[in-house]
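Participant: mind folding the following:
(2 chains)
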Amino acid sequence: MQSQLSQYLPVLMFLMVTIGFAVGTLAFSVIAGKVGRRTRTKDIPYECGMVPEGPGNARLSVKFFLVALLFVLFDIEVVFMYPWAVTYKELLAKHFASVVGGMLSFMGILFVGYLYALKKKAFDWKS
Amino acid sequence: MDFIRYLDPTVQFMLFSAVKIVLVFAVAMTGVAYAVLVERKVSAWIQDRVGPNRAAPFFVHYLPVVGPFLTKLGIFQPMADGLKFILKEDFTPSYVRKIYFWIAPAISCVPALMTLAVIPFGSTLGNANNPMVIADLNVGILYTFGIVSLGVYGIVLAGYASNSKYPFLGGIRSSAQMISYEIAMGMSVVSVFLVVGDLNLSKVVAYQSGGIHEWLIFKQPLAFFIFLVSAFAETNRLPFDLPESETELVGGYHTEYSSMKFALFFLGEYAAMIGASAMMVTLFLGGWTPIWGGAPASSLLVGLSHIVWFLAKLGFFMVLFIWVRWMLPRFRYDQLMNLGWRRFIPLALVNIIITAGLIALTHK
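Facilitator: Numbers count the residues shown, from 1 in each chain, chains lettered A, B, ... in the order given. Predicted structure coming up:
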């Protein structure tokens, strides 16, 4: 039972249990819950008792979009670091220059990118 | 229990997995229910109130001394809450995007529970072939980060599906906050894996099994600090609860939700807290190992004591989560993003470089 794929069998079982639980509770509350009347005031978006104005999804700052892009960039960086971190000790003795220098240059290049984003005020939420 | 030995190994494996899954699920659910109670009681103590002390089924009233005492502790409150959640009207407003509105609560609660699948919550129960972890994946931590990322979808979908301003703002804020802190969180554990040299969480625990002086919290204090603060941001807890900050966004992304759909968001939040606490215990506090250290158990009793150790450490972090919530005010949004992007990411990078340098210097 040590093959790669069979390790994931319990994960699949657990996934089925959790999904079953979520779907089950949602369905159960529909069956057991009170059925109320649908009145007009109950059926408007909640805005602290005022009559809602304008569309529900207002325009949003472009900063959020920027954060999403930067996230993709830096998350990939982190993913690259994981295999390096795991094999670091083993490879240190044989390939010292490439394992240390390689990652340092990789981090250096990304840090330049980070400084660029910083300089362009991508992280400045005051403006 | 003799017949188990004659079964096919595959069937045996499935059987043990199923038992473990049911147990973890039951404990997690109870944990969530009582974390809510502890939260209410602790907040009551901190604010000099009484907290829940009334709810009880009718027969408890007839017990002498014990009954009133348990009622006063609020032991029965979670059951009353659960019952009330189920019996409330499950209202789906007509202006929402129906499909997303329905699946968002499920999506926010399933990943939060799924993170528990790779956490080693004990050593063994005497049989070395049956470790106390649902899935002993060799990519352990990558799985966790993959699943944790999915948690964003539930909240974003809830905000988008509600088609209303407050949930929308809450959902957008939350997505930016969670992905920002995920980077800091991911980077902080890189230095842990530089020290340990394995992604498997059981190996991480084994590395720390020598006792309290071997715990990674002392070897990587900076990584622990970054991970802890990021965990608060990832689970949308105060001081970073901007997605649902009730004084400005009413209820944030779940403003339009009611009944069991709301309960699933609530459950997801507390399950995420349990998951994050379990991760911190495993990565930095030695997992199931006692303070004086210990090898995997060879008898049932020792195995159970390891599970108790794990739960005790988990409880410590849960109380910390709750305590911090009632002690600190909320961050402003620009402060939050500032902390994540300008402080923690460079700090985590420096931590990685220093750790790698120290290992290179001391390594033979």
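Participant: which stretches of chain B form strands?
Facilitator: Counting by DSSP state E, chain B forms no strands at all.
Participant: read off the pLDDT value for the residue of chain A most remote from its centre.
Facilitator: In terms of distance from the mean C-alpha position of chain A, residue A:37 ranks first, at 38.4 Å (C-alpha atoms, centre = their mean). Reading off the per-residue confidence, residue A:37 sits at a pLDDT of 82.
Participant: the one 10 residues further on too?
Facilitator: Reading off the per-residue confidence, residue A:47 sits at a pLDDT of 75.
Participant: with the flanking residues excluded, which residue is spatially nearest to it?
Facilitator: With sequence-adjacent residues excluded and distances taken as C-beta to C-beta, 6 or more residues apart in numbering or on different chains, residue A:47 is closest to residue B:165, at 6.5 Å. The way it works is simple: take the backbone N, C-alpha and C, and place the C-beta from them, glycine included.
Participant: what's that neighbour in contact with, if anything?
Facilitator: Residues in contact with residue B:165, defined by C-beta atoms under 8 Å, 6 or more residues apart in numbering or on different chains, are A:45, A:47, A:52, A:56, A:58.
Participant: what does residue B:322 give?
Facilitator: Taking C-beta under 8 Å, 6+ apart as the criterion, residue B:322 is in contact with B:35, B:38-39, B:42-43.
Participant: what about 6 Å?
Facilitator: With contacts taken as C-beta atoms under 6 Å, 6 or more residues apart in numbering or on different chains, residue B:322 has the following neighbours: B:39, B:42.
Participant: what pLDDT is listed against it?
Facilitator: Residue-level confidence at residue B:322 comes out at 89, pLDDT.
Participant: quickly note the distance from it to chain A.
Facilitator: Using C-beta to the nearest C-beta, to the nearest Å, we find residue B:322 at a distance of 24 Å from chain A.
Participant: quick one: low-confidence ranges for chain A?
Facilitator: For chain A, the stretches with pLDDT under 70 are A:1-3, A:56, A:127.
Participant: quick one: name the residues of chain A near chain B.
Facilitator: A:1, A:7, A:10-11, A:13-14, A:17-19, A:22, A:25-26, A:29-30, A:32-34, A:36, A:43, A:45-46, A:56-57, A:60, A:64, A:67, A:71, A:74-75, A:78, A:81, A:85-86, A:88-89, A:92, A:100, A:123, A:125-126 (C-beta under 6 Å from any C-beta of the partner chain).
Participant: quick check on those residues: which are buried?
Facilitator: By neighbour count, with 16 or more other C-beta atoms under 10 Å in any protein chain shown, the residues of chain A next to chain B hold A:10-11, A:13-14, A:17-19, A:22, A:25-26, A:29, A:33, A:45-46, A:56-57, A:67, A:71, A:74-75, A:78, A:81, A:85-86, A:88-89, A:92, A:100, A:123, A:125 as buried.
Participant: which ones among those are found in helices?
Facilitator: Judged by DSSP state H, helices contain the following of these: A:10-11, A:13-14, A:17-19, A:22, A:25-26, A:29, A:67, A:71, A:74-75, A:78, A:81, A:85-86, A:88-89, A:92, A:100.
Participant: do a quick rundown of the helices in chain B.
Facilitator: Using DSSP H, the helices assigned to chain B run over residues B:9-46, B:66-73, B:77-87, B:98-114, B:140-162, B:165-196, B:201-207, B:216-219, B:221-234, B:246-249, B:259-284, B:300-325, B:333-338, B:345-362.
Participant: mean pLDDT for those helices: which is lowest?
Facilitator: Among those, helix B:246-249 carries the lowest mean pLDDT, a mean of 72.
Participant: any part of that helix near chain A?
Facilitator: No. Helix B:246-249 stays clear of chain A (C-beta under 6 Å from any C-beta), getting no nearer than 10.6 Å.
Participant: could you list the buried residues of that helix?
Facilitator: When burial is assessed from 16+ other C-beta under 10 Å, helix B:246-249 yields the following buried residues: residue B:249.
Participant: tell me what that helix is packed against?
Facilitator: Applying 3 or more C-beta pairs under 6 Å, 6 or more residues apart in numbering or on different chains; DSSP states H and E, one finds that helix B:246-249 contacts helix B:165-196.
Participant: how many residues are close by residue 53?
Facilitator: By default, I'm working from chain A. Other residues within reach of residue A:53, judged by other C-beta atoms under 10 Å in any protein chain shown, total 8.
Participant: nope, chain B
Facilitator: 14.
Participant: also residue A:38?
Facilitator: Neighbours of residue A:38 under the rule other C-beta under 10 Å: 11.
Participant: who's in contact with it?
Facilitator: Not one residue lies near residue A:38 by C-beta under 6 Å, 6+ apart.
Participant: can you classify it as helix, strand or coil?
Facilitator: Classification of residue A:38 using DSSP: H, G, I helix; E, B strand; the rest coil returns coil.
Participant: for it, what are phi and psi?
Facilitator: For residue A:38, the backbone dihedrals (degrees, to the nearest 10) come out as phi -100, psi 100.
Participant: distance from stretch B:63-78 to the middle of the chain?
Facilitator: Chain-centre distance of stretch B:63-78: 28 Å, with C-alpha atoms, centre = their mean, to the nearest Å.
Participant: swap in stretch B:179-199?
Facilitator: Stretch B:179-199 has its average C-alpha position 17 Å from the chain's average C-alpha position, going by C-alpha atoms, centre = their mean.
Participant: then that stretch to PDB, C-alphas only?
Facilitator: Once side chains and other backbone atoms are set aside, the C-alpha atoms of stretch B:179-199 remain, and they are given as PDB (Å, rounded to 0.1, in the frame of the first residue of the first chain):
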ATOM      1  CA  ILE B 179      -3.500  35.800  -1.300                       C
ATOM      2  CA  SER B 180      -1.200  38.500   0.100                       C
ATOM      3  CA  TYR B 181      -0.600  36.600   3.300                       C
ATOM      4  CA  GLU B 182      -0.300  33.300   1.600                       C
ATOM      5  CA  ILE B 183       3.000  34.400   0.000                       C
ATOM      6  CA  ALA B 184       4.400  35.400   3.400                       C
ATOM      7  CA  MET B 185       3.100  32.200   4.900                       C
ATOM      8  CA  GLY B 186       4.600  30.000   2.100                       C
ATOM      9  CA  MET B 187       7.900  31.800   2.400                       C
ATOM     10  CA  SER B 188       8.100  31.400   6.100                       C
ATOM     11  CA  VAL B 189       7.900  27.600   5.900                       C
ATOM     12  CA  VAL B 190      10.700  27.400   3.300                       C
ATOM     13  CA  SER B 191      13.300  28.100   6.100                       C
ATOM     14  CA  VAL B 192      11.600  25.300   8.100                       C
ATOM     15  CA  PHE B 193      12.200  22.900   5.200                       C
ATOM     16  CA  LEU B 194      15.700  24.000   4.800                       C
ATOM     17  CA  VAL B 195      16.300  22.800   8.400                       C
ATOM     18  CA  VAL B 196      14.300  19.600   8.100                       C
ATOM     19  CA  GLY B 197      14.900  18.700   4.500                       C
ATOM     20  CA  ASP B 198      11.500  17.000   3.900                       C
ATOM     21  CA  LEU B 199       8.000  18.100   3.000                       C
END
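Participant: what does that stretch contact?
Facilitator: Judged by C-beta under 6 Å, 6+ apart, the contacts made with stretch B:179-199 from elsewhere in the structure are A:71, A:74-75, A:78, A:81, A:85-86, A:88-89, B:139-141, B:145, B:204, B:207, B:216, B:220, B:223, B:226-227, B:230, B:233-234, B:283, B:340, B:344-345, B:348, B:351-352, B:355-356.
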